[in-house]
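Participant: Turn this into a model:
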Amino acid sequence: MTSERPEGLISLAEANRKTGRLLTKGAFSELDTGAAPTLGDLTEALHFALGDGRIWLNDQRMVLIQSQVLGRLRQEIIDAFGLETAKALFMRVGYMQGVRDAELIQKRFPQQDLTHALAAGPRVHTLEGFVKVTTKGFQFDLRKGTYFGEFSWDDSSEAAEHIASYGIASEPVCWMQTGYPSGYTSTLFGRPVIFREVECAGMGAPRCLVVGQHAEAWGKDAPERSYLGLDWKSRRYVAVERHAAGARPYSTPAEASEGQVVGVSASFLRTRLMLEKVADTDATVLFIGESGVGKELFSSELHKLSPRSGGPFVPINCAAIPETLVESELFGVEKGAFTGAVQSRAGYFERAHGGTLFLDEIASLTYSAQGKMLRAIQERKIERVGGSRTIPVDVRVVAASNVDLAEEVRAGRFRQDLYFRLCVFPIAIPPLRDRRDDIPLLAAHFLKLFRERHRRDVTGFTRRAMDALLAYHFPGNIRELQNLVERGVIFSDAGQLIDIRHLFTGFETVPASAMHLTGEGRIGATRDERPERPSGPSAPITSPEAIRQAEADLYRSALSEAGGNIAAAARSLNMTRAKLEYRLRKIGAVT
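Facilitator: Next up, the predicted model:
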């Protein structure tokens, strides 16, 4: 088999892993001018979903807020709590922002070594509009735990707002901006690094100047320790592990496991809060939501949080039970009730005794079965089919429906008394299109699950794939997202990222990507939306030959957009130059 990489050629990241030199020691002076990721590279990570009310920086949701609003908030906090408290608060906010941006760089550019990753911080800081950062220089030695960096800031919005409120200050005032590089560098460096402003535009200087050092270099008299709320002696820092291009840009949190509800969006958190409120009671709960939103998963979580967690959780899909067997399945069969029955059989109610019975798609029950269900819930007693004695059952009933039960009542298809008995504590589960902030987290969760289940070494998602997932309508909700990720894991090559062509191979309509920030600072269409890009909205790809043709068109289009520069085209596709050149030769695009 012909190798896709010329013999003896290894990537920079692979050299890092083998020698450890570039990862443990480095300096800004070692970088070439315009070393990636450039500011242009970073602007491609900023997307505006104009019709959706969301702004994304890679997979992180952002908001636009006026600088004057932050300035007014800053003034009110200073006046109410004093200068020192305000300083600590804003420095901590900046620190957390730096931490999140460091995580963004790890995900978006996992192949970069530590020197390049540290150099990207000032560019992200500049992109977010707080200040223009110029790197004067930095150097570090990871083995010795030493770091020193020096940066200048122009046009600090924080300094301008402080002057507008209080005039020229007698000490540095860019607290949030000072916390930012502390959080960013500490996260990547794996050890606490403290930045301090030594010149400040808020004090009348032409620009701000900041210096950063590893925490020990500042000595014991470093008030930033308490400002940042860090206990340097007990806080655990884990050095960032760098990988080759096969790193996991969308890693799954360790606490996310199969069968656990996952989410961070406001609508998800509201649902989770309602679930927690009712969990420790015995109230009947009715989950309402579209098909595929995870009603059974939420009911299972409700059971785990309840005092009945030690008992059984018995789920049943009412639509899957044949109409003639509904009563016997729910309530059981007495010995001799049917010809050939030689022994009694417990139904779902008895099996759930002491625990929780989950009735999915309850609207599909027959009208007569609904009446017996109402009696069982109210009296906590059942009668087996063919029996005459009543059997007490201690069961918490949780029901779910993907149709409007109130409308079913009005149409005469569902008993009104049963509806009111079930609707003690209704919880609406939002569809996935209303909780898009959860898509990156859910996609990473499913990626980890199916990597292990199918034994596939898939490394993550490309930017285009994640953009497409964020823009997709998801008529099948979380179940559809789960299927798409599983398909991507199976379809993609070992050691590679899942691309858009691996996900939307069925009859789904490939979504148009969000708008992004152009090099001129304007909102424009992404590459995927340009007419010549074949991966935009198109007819479904349903045959292997069509897939091969689409892949070839993708490579040719990327090469054309890069002006024939194979290396630049490879970067746009998240591939190595050698691999792209091999595939271009294979399709006859280059000789």
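Participant: need the contact list for Asp437.
Facilitator: 54, 61, 263-266 (Cβ atoms under 8 Å, 6 or more residues apart in numbering). Placement of C-beta: from N, CA and C, glycine included.
Participant: for Arg380, same thing?
Facilitator: Going by Cβ under 8 Å, 6+ apart, Arg380 touches 392-395.
Participant: Please indicate which of the residues you listed are buried?
Facilitator: 393, 395 (16 or more other Cβ atoms under 10 Å).
Participant: Leu447: which of the contacts of Arg380 is nearest?
Facilitator: Sorting the contacts of Arg380 by how near they are to Leu447, with Cβ to Cβ, puts Val395 at the top with 37.1 Å.
Participant: Pretty sure that closest one sits against Phe349.
Facilitator: Yes: with contact defined as Cβ atoms under 8 Å, Val395 counts as touching Phe349 (5.8 Å).
Participant: May I see the contacts of Arg380 organised as JSON lines, with secondary structure added?
Facilitator: JSON lines is the format used below for the contacts of Arg380 (DSSP: H, G, I helix; E, B strand; the rest coil):
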{"residue": "Pro392", "secondary structure": "strand"}
{"residue": "Val393", "secondary structure": "coil"}
{"residue": "Asp394", "secondary structure": "coil"}
{"residue": "Val395", "secondary structure": "coil"}
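Participant: From the contacts of Arg380, pick the one nearest Leu302.
Facilitator: Scanning the contacts of Arg380 for proximity to Leu302, where the rule is Cβ to Cβ, the winner is Val395, at 13.7 Å.
Participant: residues touching the closest one, list them.
Facilitator: Remark: with contacts taken as Cβ under 8 Å, 6+ apart, Val395 is in contact with 349, 352-357, 380.
Participant: ok so, going back, just the buried ones from the contacts of Asp437?
Facilitator: Listed as buried from the contacts of Asp437 are 54, 263, 265; burial here means 16+ other Cβ under 10 Å.
Participant: can you redo those as TSV with distance to Arg571 and pLDDT?
Facilitator: Listed next are these as TSV, based on distance: Cβ to Cβ, whole Å; pLDDT from 0 to 100:
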residue	distance to Arg571	pLDDT
Arg54	27	77
Gly263	33	82
Ser265	32	83
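Participant: Sort out which one of those lies nearest Asp41 for me.
Facilitator: Of those, the one sitting nearest to Asp41 (Cβ to Cβ) turns out to be Arg54, at 21.6 Å.
Participant: Flag the shaky bits of the stretch 101-250 of the chain, pLDDT-wise.
Facilitator: Residue ranges of the stretch 101-250 of the chain with pLDDT under 70: 111, 229-250.
Participant: hang on, isn't Asp467 packed against Ala49?
Facilitator: No: contact criterion Cβ under 8 Å: Asp467 and Ala49 do not qualify, at 9.6 Å.
Participant: neighbour count winner among the two?
Facilitator: Asp467 (26 against 17; other Cβ atoms under 10 Å).
Participant: lowest confidence element among the helices and strands of the protein?
Facilitator: helix 12-19 (a mean of 43; mean pLDDT, DSSP states H and E).
Participant: Narrow the contacts of Asp437 to those in helices?
Facilitator: Among the contacts of Asp437, the ones falling in helices (DSSP state H) are Ala266.
Participant: okay, the contacts of Asp437 in a markdown table with distance to Tyr555 next?
Facilitator: Listed next are those as a markdown table, based on distance: Cβ to Cβ, whole Å:
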| residue | distance to Tyr555 |
| --- | --- |
| Arg54 | 31 |
| Arg61 | 32 |
| Gly263 | 37 |
| Val264 | 36 |
| Ser265 | 36 |
| Ala266 | 41 |
